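Student: What follows is a predicted protein model with its sequence.
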Amino acid sequence: MSQATTNVYAGIIAQFQRLTLFIERILNSTFSQKYNPFYYHGALPNFFLWVLFISGLLLFAYYNPTLEGAYPSLEYMTKQIPSGALFRALHRYAADGMMIFVLLHFFRVWFTDRYREYRILPWITGVILITVLYLAGLTGYMLIWDSESVALTYMTVNFLNSIPGIGSSLASLLIGGDIVTDYTLTRYLFLHLGIPASMLFLLWWHYLRITRPVTNAPLVLNLMLFGGLLVACGLWPVGIGEAPNLATPSASIEVDWLYMLPHGMLANGASPFLAWVVLLGIPVAMLLLPYLQKKQFRGQFAQVVNENCTGCSLCYHDCPYEAIEMMDRDDDTRFKRIAVVDPGRCANCGLCVGACAFKAIEIPRMNTERVFKEIQVALGSAQS
Amino acid sequence: MPINQLIRLSGAALISLFALIALYQMFTAESRTATEFTDYFQWALYAGLIFLAVGAALTLFDKDDDVLTDYKDETRK
Ligand code: HEM
Ligand code: SF4
Ligand code: SF4
């Protein structure tokens, strides 16, 4: 990436960072610092995930994944079971809430620069997570199997078919064959349950390198989120559309832009090519974002000054990321051991620099001499 | 009164007002007929407002409140 590009990028991000810090300040005064939702940006999507699991389990108990049975089972759920429709609404709005809060989480970590060094792992797994979340939501809308779901299915099949070469194979992978059969709904159900199950594994991976991930928000915030969800259910009840007819699906679909981005574009006259570019462009752009930053900010880690290291292992005990290993050394010094930093784990936090009494470990962006000078200058100006 | 406390107080007051109306609706409807509340979406709306009000109240009367509202953002400037 050229220097000019990275400078422009850094300038834009600096503005967004100021904006997030400004909103953060407002939230601090309205929610108090303890309950500021910005400090639980990663934990808030998790709340929705739990609501989705619980409400989904109840829906699963009544769902019948066959061409003949799916619609009547949903109709029964909606119209006969007390609170069945409410659980459907909860499930739907929790899905929307999850996507909204995942996006907020994404913007927050992006604008506050929290994706460098070891955080590249949560970043990449995050992009996978948002992609599979999207697929889970889309298959959810297909499972309803009213006439709009049939239209959504046909639209998706055509959209997949528009890819040259592999398109038709992908389409038959989705609907379980060349035409819609009972297996189509089995396939949808498999995807809709299997994908969230895979999210649990992905989340473990997402947290793997984070020392103390905050995965649960305080009760107060969860209470308010649940309140907000219930209010959404009350204001926009969820019903069920016309019975499905494979020959004449619904002429239009109600687009949930969070989970039907290309469908919404296609319905508004965009070409499949453009819809594909947007759909694939978003995750690819997300993956590339970390590489837009200045080179000197990338891939840095603590450097051991071999001549000075006595092998005392103070840094080894202090490193919160378990990024330092003590290795045997057999060069011609009198010391038996030496600290070795694992670049994949080092967060560039600088704690080891403070731990070392021998000036034997440095982080490149802030070398000790410079920090001491800065402190002296600051002290000097404070005294005068 | 500092501006941030004022914002929080009026926010919580507003939501609590809605919640009180919700509670009133629930009790009067319950006493009128038993059938009026078959629509669970109404219950959801009222319960949701009450949850929001309780949440707002809990942030408002948080015991660490003094420390929190004294927070001044000078470090960031
Ligand atoms: C299913 C969706 C997701 C969930 C439930 C989730 C959850 C979390 C949680 C709980 C944390 C720990 C936060 C903390 O301790 O402060 C975290 C960190 C992080 N997430 Fe996500 N995340 C999701 C999606 C994403 C996405 C889409 C991205 C961006 C592409 C992302 C990027 C990150 C990064 C970079 C961190 C490290 C931030 C830090 O250390 O402060 N996540 N995530
Ligand atoms: S800077 Fe030092 S203490 Fe911090 S993670 Fe790297 S090796 Fe560990
Ligand atoms: S604290 Fe310093 S001297 Fe001791 S092992 Fe670590 S780098 Fe070497």
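Tutor: Good, I have the coordinates. Residues are numbered from 1 along each chain as shown, chains lettered A, B, ... in the order given. Ligands and ions are numbered 1, 2, ... in the order given.
Student: All the helices of the stretch 51-200 of chain A, in order from the start?
Tutor: A:70-79, A:84-111, A:120-143, A:147-161, A:167-175, A:182-207 (DSSP state H, counting those that start in this stretch).
Student: Export those helices as a markdown table, with columns for distance to chain B.
Tutor: The way it works is simple: take the backbone N, C-alpha and C, and place the C-beta from them, glycine included. Output for the helices of the stretch 51-200 of chain A, formatted as a markdown table (distance: least, CB to the nearest CB, whole Å):
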| stretch | distance to chain B |
| --- | --- |
| helix A:70-79 | 11 |
| helix A:84-111 | 5 |
| helix A:120-143 | 20 |
| helix A:147-161 | 20 |
| helix A:167-175 | 33 |
| helix A:182-207 | 23 |
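Student: looking at the ones you listed, which is closest to residue A:222?
Tutor: Residue A:222 lies closest to helix A:84-111 among those, at 11.8 Å (CB to CB).
Student: do that closest one and ligand 1 meet at all?
Tutor: Yes - legend: contact between helix A:84-111 and ligand 1 by CB under 6 Å from any ligand atom is shown at A:102, A:105, A:106, A:109.
Student: re the thing from before, could the helices of the stretch 51-200 of chain A be laid out in TSV, adding mean pLDDT and mean neighbour count?
Tutor: Shown next, in TSV, are the helices of the stretch 51-200 of chain A (pLDDT from 0 to 100; neighbours: other CB atoms under 10 Å in any protein chain shown):
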stretch	mean pLDDT	mean neighbour count
helix A:70-79	92	18
helix A:84-111	94	20
helix A:120-143	95	20
helix A:147-161	94	20
helix A:167-175	94	16
helix A:182-207	95	17
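Student: can you redo those helices as TSV with distance to residue B:60?
Tutor: Formatted as TSV, these follow (distance: least, CB to CB, whole Å):
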stretch	distance to residue B:60
helix A:70-79	38
helix A:84-111	23
helix A:120-143	34
helix A:147-161	43
helix A:167-175	50
helix A:182-207	32
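Student: which one of the residues of helix A:84-111 next to ligand 1 sits closest to residue A:173?
Tutor: Here the nearest of these to residue A:173, counting by CB to CB, is residue A:102; it sits at 25.7 Å.
Student: residues touching the closest residue to that closest one other than its chain neighbours, list them.
Tutor: Excluding the flanking residues, the one nearest residue A:102 by CB to CB, 6 or more residues apart in numbering or on different chains is residue A:45, at 4.7 Å. Neighbour list for residue A:45: A:98, A:101, A:102, A:105 [criterion: CB atoms under 8 Å, 6 or more residues apart in numbering or on different chains].
Student: can you tell me which of these lies nearest to ligand 2?
Tutor: The closest of the contacts of residue A:45 to ligand 2 turns out to be residue A:105 (CB to the nearest ligand atom; 23.4 Å).
Student: Not counting its neighbours along the chain, what's nearest the closest one?
Tutor: Once flanking residues are discounted, residue A:105 sits nearest to residue A:41: 4.4 Å by CB to CB, 6+ apart.
Student: What is the neighbour count of that neighbour?
Tutor: Per other CB atoms under 10 Å in any protein chain shown, the neighbour tally for residue A:41 reads 22.
Student: contacting residues for it?
Tutor: Residues near residue A:41 by CB under 8 Å, 6+ apart: A:101, A:104, A:105, A:108, A:109.
Student: what separates the residue nearest the centre of chain A from residue A:280, distance-wise?
Tutor: The residue lying closest to the centre of chain A (CA atoms, centre = their mean) is residue A:126, at 3.7 Å. Look at residue A:126 and residue A:280: by CB to CB, to the nearest Å, they are 17 Å apart.
Student: now swap in residue A:69 and tell me
Tutor: 35 Å.
Student: quick one, which of the two is more surrounded?
Tutor: The neighbour count for residue A:69 versus residue A:280, taken as other CB under 10 Å, is higher for residue A:69 (15 against 11).
Student: Put the alpha carbons of the helix or strand harbouring residue A:325 into CSV.
Tutor: Counting by DSSP states H and E, the element that carries residue A:325 is strand A:324-328. Output of strand A:324-328 as CSV, limited to C-alpha atoms (Å, rounded to 0.1, in the frame of the first residue of the first chain):
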residue,chain,number,x,y,z
ILE,A,324,7.9,-15.1,26.3
GLU,A,325,9.7,-18.4,26.6
MET,A,326,12.9,-19.0,28.4
MET,A,327,15.3,-20.9,26.2
ASP,A,328,18.7,-22.5,26.8
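Student: So is that strand next to ligand 3?
Tutor: No - contact of strand A:324-328 with ligand 3 (CB under 6 Å from any ligand atom) is absent, the minimum separation being 6.7 Å.
Student: ok, then the element right after that strand?
Tutor: Counting by DSSP H and E, the next helix or strand C-terminal to strand A:324-328 is strand A:337-341.
Student: for that next one, which positions count as buried?
Tutor: Within strand A:337-341, the residues that count as buried by 16 or more other CB atoms under 10 Å in any protein chain shown are A:337, A:338, A:339, A:341.
Student: Now the very next helix or strand once past it: buried residues?
Tutor: With elements assigned by DSSP H and E, the helix or strand that comes after strand A:337-341 is helix A:351-355. Neighbour counts over helix A:351-355 (16+ other CB under 10 Å) mark A:351, A:352, A:353, A:355 as buried.
Student: Let me know the distance separating the residue nearest to residue A:28 when sequence neighbours are not counted from ligand 1.
Tutor: Once flanking residues are discounted, residue A:28 sits nearest to residue A:36: 5.3 Å by CB to CB, 6+ apart. Distance from residue A:36 to ligand 1, counting by CB to the nearest ligand atom, to the nearest Å: 12 Å.
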